[in-house]
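Student: Next input, structure requested:
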Amino acid sequence: MKLHIVYDEIHRLHADPSGRHPSDPWRLERALSALKASRVWELAELHRAPAPSDEALLLAHEPEYLRMLEEESRHGFHYIDRDTYITEHSLTAGKAFASATLQAVQSSLESREPWFVMPRPGGHHAGRKGWAMGAPTLGFCLVNYAGIAAKAFLRRGLRVLALDFDAHHGNGTQDILWQDARAVHIDIHEDGIYPGSGEVGDWGGEGAEGTKVNVPLPPFSGDREMRWAVRNVVEPIIEAFRPEAFVISAGFDAFVGDPLTHMRATESSFELFGELLRPFVGSRPLVIVLEGGYGQGLQKGLAAFFESLMGLREGGEGEEREPPHGRDVRELLARFWGIG
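Tutor: Alright, predicted model coming up:
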(Lines give C-alpha, C1' and ligand atoms only; values in the text may rest on other atoms or scores of the structure.)
Protein backbone atom coordinates (compact mmCIF):
# COMPACT_ATOMS: atom_id res chain seq x y z
CA MET A 1 0.00 0.00 0.00
CA LYS A 2 1.42 3.34 -1.08
CA LEU A 3 0.86 6.85 0.21
CA HIS A 4 0.61 9.19 -2.77
CA ILE A 5 1.87 12.72 -2.08
CA VAL A 6 1.24 15.72 -4.34
CA TYR A 7 3.98 18.30 -3.99
CA ASP A 8 4.90 20.86 -6.62
CA GLU A 9 7.34 23.77 -6.50
CA ILE A 10 4.74 25.90 -8.25
CA HIS A 11 3.49 26.70 -4.73
CA ARG A 12 6.56 28.94 -4.23
CA LEU A 13 5.05 31.44 -6.67
CA HIS A 14 2.47 32.27 -4.00
CA ALA A 15 4.57 34.30 -1.58
CA ASP A 16 4.72 37.60 0.28
CA PRO A 17 7.96 39.22 -0.94
CA SER A 18 8.59 40.59 2.57
CA GLY A 19 8.61 37.06 4.01
CA ARG A 20 6.58 38.19 7.02
CA HIS A 21 3.32 36.37 6.35
CA PRO A 22 2.65 33.15 8.35
CA SER A 23 1.56 31.37 5.17
CA ASP A 24 5.01 31.28 3.61
CA PRO A 25 6.49 28.73 1.16
CA TRP A 26 8.78 27.29 3.81
CA ARG A 27 5.79 25.73 5.57
CA LEU A 28 5.56 23.17 2.78
CA GLU A 29 9.30 22.64 2.68
CA ARG A 30 9.32 21.87 6.41
CA ALA A 31 6.36 19.51 6.05
CA LEU A 32 7.95 17.66 3.15
CA SER A 33 11.25 17.36 5.05
CA ALA A 34 9.36 15.86 8.00
CA LEU A 35 7.79 13.25 5.73
CA LYS A 36 11.16 12.41 4.19
CA ALA A 37 12.62 11.92 7.66
CA SER A 38 9.76 9.66 8.78
CA ARG A 39 9.29 5.95 8.26
CA VAL A 40 6.35 6.63 5.99
CA TRP A 41 8.67 7.88 3.23
CA GLU A 42 9.45 4.27 2.26
CA LEU A 43 5.78 3.90 1.32
CA ALA A 44 5.50 7.26 -0.44
CA GLU A 45 5.17 8.04 -4.13
CA LEU A 46 5.65 11.69 -5.06
CA HIS A 47 3.56 13.40 -7.76
CA ARG A 48 3.64 16.83 -9.33
CA ALA A 49 0.48 18.84 -9.90
CA PRO A 50 -1.07 18.55 -13.37
CA ALA A 51 -1.75 21.50 -15.66
CA PRO A 52 -3.98 24.23 -14.17
CA SER A 53 -7.63 24.29 -15.20
CA ASP A 54 -10.85 25.99 -14.14
CA GLU A 55 -12.90 22.78 -14.01
CA ALA A 56 -11.84 21.58 -10.58
CA LEU A 57 -12.02 24.99 -8.94
CA LEU A 58 -15.57 25.50 -10.19
CA LEU A 59 -16.73 22.31 -8.49
CA ALA A 60 -16.62 24.14 -5.16
CA HIS A 61 -16.63 27.85 -6.05
CA GLU A 62 -19.00 30.15 -7.90
CA PRO A 63 -17.93 31.57 -11.29
CA GLU A 64 -18.07 35.15 -9.98
CA TYR A 65 -15.53 34.25 -7.29
CA LEU A 66 -13.17 32.86 -9.93
CA ARG A 67 -13.61 36.03 -11.98
CA MET A 68 -12.79 38.12 -8.92
CA LEU A 69 -9.57 36.15 -8.29
CA GLU A 70 -8.59 36.50 -11.94
CA GLU A 71 -9.05 40.25 -11.77
CA GLU A 72 -7.14 40.58 -8.51
CA SER A 73 -4.25 38.48 -9.81
CA ARG A 74 -3.72 40.94 -12.67
CA HIS A 75 -2.58 43.56 -10.16
CA GLY A 76 0.34 41.49 -8.84
CA PHE A 77 1.16 41.08 -5.18
CA HIS A 78 -1.28 42.79 -2.82
CA TYR A 79 -3.65 42.00 0.04
CA ILE A 80 -7.28 41.35 -0.84
CA ASP A 81 -8.20 41.60 2.85
CA ARG A 82 -6.18 42.19 6.00
CA ASP A 83 -5.08 38.51 6.24
CA THR A 84 -4.93 37.25 2.68
CA TYR A 85 -2.62 38.14 -0.17
CA ILE A 86 -2.57 37.26 -3.85
CA THR A 87 0.13 37.47 -6.50
CA GLU A 88 0.05 37.30 -10.27
CA HIS A 89 0.80 33.56 -9.98
CA SER A 90 -1.38 32.57 -6.99
CA LEU A 91 -4.42 31.58 -9.02
CA THR A 92 -2.32 29.53 -11.45
CA ALA A 93 -0.90 27.58 -8.49
CA GLY A 94 -4.35 27.22 -6.95
CA LYS A 95 -5.82 25.87 -10.19
CA ALA A 96 -2.94 23.39 -10.50
CA PHE A 97 -3.52 22.02 -7.01
CA ALA A 98 -7.27 21.98 -7.62
CA SER A 99 -6.61 19.79 -10.67
CA ALA A 100 -4.31 17.65 -8.53
CA THR A 101 -7.14 17.19 -6.05
CA LEU A 102 -9.41 15.87 -8.80
CA GLN A 103 -6.61 13.52 -9.88
CA ALA A 104 -6.28 12.33 -6.28
CA VAL A 105 -10.01 11.62 -6.08
CA GLN A 106 -10.01 9.58 -9.29
CA SER A 107 -6.87 7.64 -8.43
CA SER A 108 -8.00 6.87 -4.89
CA LEU A 109 -11.34 5.67 -6.24
CA GLU A 110 -9.52 3.26 -8.54
CA SER A 111 -6.80 2.01 -6.18
CA ARG A 112 -8.23 2.67 -2.70
CA GLU A 113 -4.78 4.04 -1.80
CA PRO A 114 -4.59 7.28 0.20
CA TRP A 115 -3.58 10.57 -1.42
CA PHE A 116 -2.11 13.57 0.38
CA VAL A 117 -2.32 16.92 -1.42
CA MET A 118 0.08 19.63 -0.21
CA PRO A 119 -1.31 22.82 -1.76
CA ARG A 120 -0.58 26.50 -1.59
CA PRO A 121 -2.42 28.81 -1.52
CA GLY A 122 -4.77 27.21 1.05
CA GLY A 123 -7.46 26.13 1.92
CA HIS A 124 -10.51 25.44 4.05
CA HIS A 125 -11.64 29.03 4.78
CA ALA A 126 -12.57 29.75 1.15
CA GLY A 127 -16.30 29.28 0.60
CA ARG A 128 -18.46 29.11 -2.50
CA LYS A 129 -18.18 32.86 -3.04
CA GLY A 130 -15.00 33.34 -1.05
CA TRP A 131 -15.73 34.89 2.34
CA ALA A 132 -17.89 32.35 4.17
CA MET A 133 -20.27 32.21 7.14
CA GLY A 134 -19.63 35.79 8.23
CA ALA A 135 -15.85 35.52 8.34
CA PRO A 136 -14.16 38.94 8.10
CA THR A 137 -11.34 37.63 5.90
CA LEU A 138 -10.36 34.63 3.78
CA GLY A 139 -7.86 33.55 6.45
CA PHE A 140 -4.90 33.11 4.06
CA CYS A 141 -7.05 30.92 1.76
CA LEU A 142 -8.04 31.24 -1.91
CA VAL A 143 -9.07 27.74 -3.10
CA ASN A 144 -10.88 25.09 -1.05
CA TYR A 145 -9.33 21.77 -2.07
CA ALA A 146 -11.19 19.74 0.57
CA GLY A 147 -14.43 21.16 -0.80
CA ILE A 148 -13.36 20.21 -4.32
CA ALA A 149 -12.57 16.64 -3.24
CA ALA A 150 -15.88 16.28 -1.41
CA LYS A 151 -17.84 17.64 -4.37
CA ALA A 152 -15.99 15.30 -6.74
CA PHE A 153 -16.92 12.27 -4.64
CA LEU A 154 -20.53 13.50 -4.34
CA ARG A 155 -20.70 13.90 -8.11
CA ARG A 156 -19.97 10.17 -8.32
CA GLY A 157 -22.91 9.40 -6.03
CA LEU A 158 -20.88 8.55 -2.92
CA ARG A 159 -21.62 9.37 0.71
CA VAL A 160 -18.74 11.51 1.95
CA LEU A 161 -17.34 12.10 5.40
CA ALA A 162 -15.29 15.31 5.56
CA LEU A 163 -13.27 15.54 8.77
CA ASP A 164 -11.42 18.75 9.66
CA PHE A 165 -9.06 18.78 12.66
CA ASP A 166 -7.37 22.08 11.95
CA ALA A 167 -7.57 24.34 15.02
CA HIS A 168 -9.49 26.95 13.01
CA HIS A 169 -13.05 26.18 11.95
CA GLY A 170 -13.32 25.11 8.29
CA ASN A 171 -16.03 27.64 7.51
CA GLY A 172 -15.44 27.49 3.77
CA THR A 173 -15.86 23.73 3.60
CA GLN A 174 -18.96 23.89 5.75
CA ASP A 175 -20.39 26.57 3.45
CA ILE A 176 -19.70 24.47 0.36
CA LEU A 177 -21.35 21.37 1.85
CA TRP A 178 -24.07 23.12 3.86
CA GLN A 179 -27.06 21.99 1.78
CA ASP A 180 -25.95 18.43 0.99
CA ALA A 181 -27.18 15.65 3.28
CA ARG A 182 -24.88 13.15 1.56
CA ALA A 183 -21.86 14.98 2.99
CA VAL A 184 -21.19 14.83 6.70
CA HIS A 185 -18.75 17.52 7.80
CA ILE A 186 -17.22 17.09 11.27
CA ASP A 187 -15.09 19.99 12.44
CA ILE A 188 -13.00 19.89 15.64
CA HIS A 189 -11.61 23.34 16.36
CA GLU A 190 -10.64 25.88 18.99
CA ASP A 191 -13.56 27.94 20.22
CA GLY A 192 -13.46 31.72 20.07
CA ILE A 193 -10.75 32.32 17.48
CA TYR A 194 -10.84 33.12 13.74
CA PRO A 195 -13.12 32.73 11.81
CA GLY A 196 -15.66 33.01 14.62
CA SER A 197 -18.01 30.32 13.24
CA GLY A 198 -18.43 26.65 14.07
CA GLU A 199 -20.99 26.69 16.84
CA VAL A 200 -22.71 23.45 17.81
CA GLY A 201 -26.04 24.87 16.55
CA ASP A 202 -24.63 25.24 13.03
CA TRP A 203 -25.87 21.82 11.96
CA GLY A 204 -26.66 22.20 8.25
CA GLY A 205 -29.09 23.70 5.80
CA GLU A 206 -32.68 22.67 5.09
CA GLY A 207 -32.80 18.98 4.29
CA ALA A 208 -29.25 18.47 5.60
CA GLU A 209 -29.83 19.13 9.28
CA GLY A 210 -27.49 17.20 11.55
CA THR A 211 -24.93 16.48 8.86
CA LYS A 212 -22.69 19.41 9.87
CA VAL A 213 -21.20 18.62 13.26
CA ASN A 214 -19.07 21.19 15.05
CA VAL A 215 -17.01 20.34 18.12
CA PRO A 216 -15.64 23.60 19.55
CA LEU A 217 -12.94 23.04 22.17
CA PRO A 218 -11.92 25.71 24.68
CA PRO A 219 -8.47 27.32 24.46
CA PHE A 220 -5.67 25.21 25.99
CA SER A 221 -7.46 21.95 25.19
CA GLY A 222 -5.17 19.04 24.43
CA ASP A 223 -5.05 15.30 23.98
CA ARG A 224 -7.82 14.44 26.44
CA GLU A 225 -10.38 16.68 24.73
CA MET A 226 -9.28 15.49 21.28
CA ARG A 227 -9.68 11.90 22.38
CA TRP A 228 -13.17 12.63 23.70
CA ALA A 229 -14.14 14.14 20.34
CA VAL A 230 -12.84 11.15 18.36
CA ARG A 231 -14.31 8.45 20.60
CA ASN A 232 -17.67 10.09 21.31
CA VAL A 233 -18.38 12.00 18.11
CA VAL A 234 -16.36 10.93 15.09
CA GLU A 235 -16.35 7.17 15.62
CA PRO A 236 -20.12 6.88 16.35
CA ILE A 237 -20.97 9.02 13.31
CA ILE A 238 -18.76 6.91 11.05
CA GLU A 239 -20.50 3.79 12.33
CA ALA A 240 -23.95 5.29 11.78
CA PHE A 241 -23.27 7.07 8.46
CA ARG A 242 -21.10 4.40 6.81
CA PRO A 243 -19.25 6.79 4.48
CA GLU A 244 -18.14 5.59 1.08
CA ALA A 245 -15.33 8.14 0.78
CA PHE A 246 -13.25 10.25 3.16
CA VAL A 247 -11.90 13.78 2.80
CA ILE A 248 -9.59 15.01 5.55
CA SER A 249 -8.58 18.60 6.21
CA ALA A 250 -5.36 17.90 8.08
CA GLY A 251 -4.27 20.96 10.02
CA PHE A 252 -1.52 20.74 12.60
CA ASP A 253 -1.95 24.07 14.35
CA ALA A 254 -3.62 22.45 17.37
CA PHE A 255 -0.13 21.20 18.30
CA VAL A 256 1.25 22.70 21.51
CA GLY A 257 3.21 25.90 20.94
CA ASP A 258 1.67 26.87 17.60
CA PRO A 259 1.94 30.67 17.31
CA LEU A 260 -1.58 31.13 15.90
CA THR A 261 -3.61 29.07 18.39
CA HIS A 262 -3.80 28.24 22.08
CA MET A 263 -4.21 24.47 21.80
CA ARG A 264 -1.97 21.93 23.54
CA ALA A 265 -2.32 18.74 21.53
CA THR A 266 0.73 16.50 21.21
CA GLU A 267 1.74 13.73 18.85
CA SER A 268 -0.76 11.49 20.67
CA SER A 269 -3.74 13.36 19.18
CA PHE A 270 -2.47 13.05 15.63
CA GLU A 271 -1.63 9.38 16.13
CA LEU A 272 -5.26 9.01 17.18
CA PHE A 273 -6.56 10.58 13.95
CA GLY A 274 -4.33 8.26 11.96
CA GLU A 275 -5.54 5.28 13.96
CA LEU A 276 -9.15 6.36 13.35
CA LEU A 277 -8.68 6.25 9.58
CA ARG A 278 -6.33 3.27 9.34
CA PRO A 279 -9.11 0.63 8.99
CA PHE A 280 -10.33 2.36 5.82
CA VAL A 281 -6.96 2.48 4.05
CA GLY A 282 -7.32 0.07 1.16
CA SER A 283 -11.09 -0.21 1.43
CA ARG A 284 -12.34 3.38 0.92
CA PRO A 285 -11.07 6.25 -1.20
CA LEU A 286 -9.24 8.71 1.04
CA VAL A 287 -8.01 12.19 0.09
CA ILE A 288 -6.11 14.24 2.67
CA VAL A 289 -5.44 17.95 2.22
CA LEU A 290 -2.85 19.88 4.20
CA GLU A 291 -4.33 22.89 5.97
CA GLY A 292 -2.73 24.92 8.80
CA GLY A 293 0.24 24.44 11.06
CA TYR A 294 2.81 27.10 11.83
CA GLY A 295 5.04 25.48 14.44
CA GLN A 296 6.33 22.08 15.51
CA GLY A 297 3.04 20.44 14.60
CA LEU A 298 3.98 20.69 10.95
CA GLN A 299 6.83 18.28 11.63
CA LYS A 300 5.99 16.22 14.73
CA GLY A 301 2.22 16.13 14.39
CA LEU A 302 2.32 15.47 10.65
CA ALA A 303 4.78 12.58 10.98
CA ALA A 304 2.76 11.08 13.83
CA PHE A 305 -0.45 11.23 11.79
CA PHE A 306 0.92 9.57 8.66
CA GLU A 307 2.96 6.92 10.46
CA SER A 308 -0.16 5.98 12.42
CA LEU A 309 -2.35 6.08 9.30
CA MET A 310 -0.03 3.69 7.47
CA GLY A 311 0.29 1.31 10.43
CA LEU A 312 3.86 2.25 11.33
CA ARG A 313 3.08 3.68 14.76
CA GLU A 314 0.70 2.67 17.53
CA GLY A 315 -1.17 5.33 19.45
CA GLY A 316 -2.49 3.49 22.46
CA GLU A 317 -5.25 4.55 24.79
CA GLY A 318 -5.41 7.62 27.00
CA GLU A 319 -7.71 9.66 29.18
CA GLU A 320 -10.71 11.55 27.82
CA ARG A 321 -12.16 14.82 29.04
CA GLU A 322 -15.50 16.13 27.84
CA PRO A 323 -15.27 19.80 26.79
CA PRO A 324 -17.77 22.43 27.98
CA HIS A 325 -19.82 22.10 24.77
CA GLY A 326 -19.76 18.31 24.99
CA ARG A 327 -23.29 18.02 26.33
CA ASP A 328 -24.62 20.15 23.45
CA VAL A 329 -22.79 17.96 20.95
CA ARG A 330 -24.19 14.81 22.55
CA GLU A 331 -27.71 16.25 22.36
CA LEU A 332 -27.20 16.95 18.65
CA LEU A 333 -26.03 13.38 18.06
CA ALA A 334 -29.04 12.02 19.91
CA ARG A 335 -31.46 14.27 18.04
CA PHE A 336 -30.22 13.70 14.51
CA TRP A 337 -28.35 10.41 14.67
CA GLY A 338 -29.99 8.48 17.51
CA ILE A 339 -26.56 8.18 19.15
CA GLY A 340 -26.21 8.12 22.91
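
Student: mind listing the strands for the protein?
Tutor: In the chain, the strands defined using DSSP state E lie at 3-6, 44-47, 78-79, 85-86, 115-117, 160-164, 183-190, 212-217, 245-250, 286-290.

Student: what's the closest non-adjacent residue to the residue nearest the centre of the chain?
Tutor: For the chain, the residue nearest the mean C-alpha position is residue 249 (1.4 Å; Cα atoms, centre = their mean). Closest residue to residue 249 apart from its sequence neighbours, by Cβ to Cβ, 6 or more residues apart in numbering: residue 164 at 3.8 Å. Any C-beta I mention is one placed from the backbone N, CA and C, and that applies to glycine too.

Student: give the contact list for that neighbour.
Tutor: Residues counted as contacts of residue 164 (Cβ atoms under 8 Å, 6 or more residues apart in numbering) are 124, 146, 170, 173, 185-189, 248-249, 251, 291.

Student: Could you single out the nearest of these to residue 138?
Tutor: Within these, the smallest distance to residue 138 is 10.7 Å, found for residue 124 (Cβ to Cβ).

Student: what about the helices in the stretch 151-300 of the chain?
Tutor: 171-177, 223-229, 235-241, 267-277, 300-309 (DSSP state H, counting those that start in this stretch).

Student: Kindly reformat those as CSV containing mean pLDDT and distance to residue 103.
Tutor: Shown next, in CSV, are those (pLDDT from 0 to 100; distance: least, Cβ to Cβ, whole Å):
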stretch, mean pLDDT, distance to residue 103
helix 171-177, 98, 19
helix 223-229, 98, 31
helix 235-241, 98, 26
helix 267-277, 98, 20
helix 300-309, 98, 20
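
Student: how about those helices, which one is nearest residue 19?
Tutor: helix 300-309 (22.4 Å).

Student: Check which helices and strands the closest one is in contact with.
Tutor: When contacts are defined as 3 or more Cβ pairs under 8 Å, 6 or more residues apart in numbering; DSSP states H and E, helix 300-309 sits against helix 26-37, helix 267-277.

Student: just these: most buried one?
Tutor: helix 267-277 (a mean of 23; mean count of other Cβ atoms under 10 Å).
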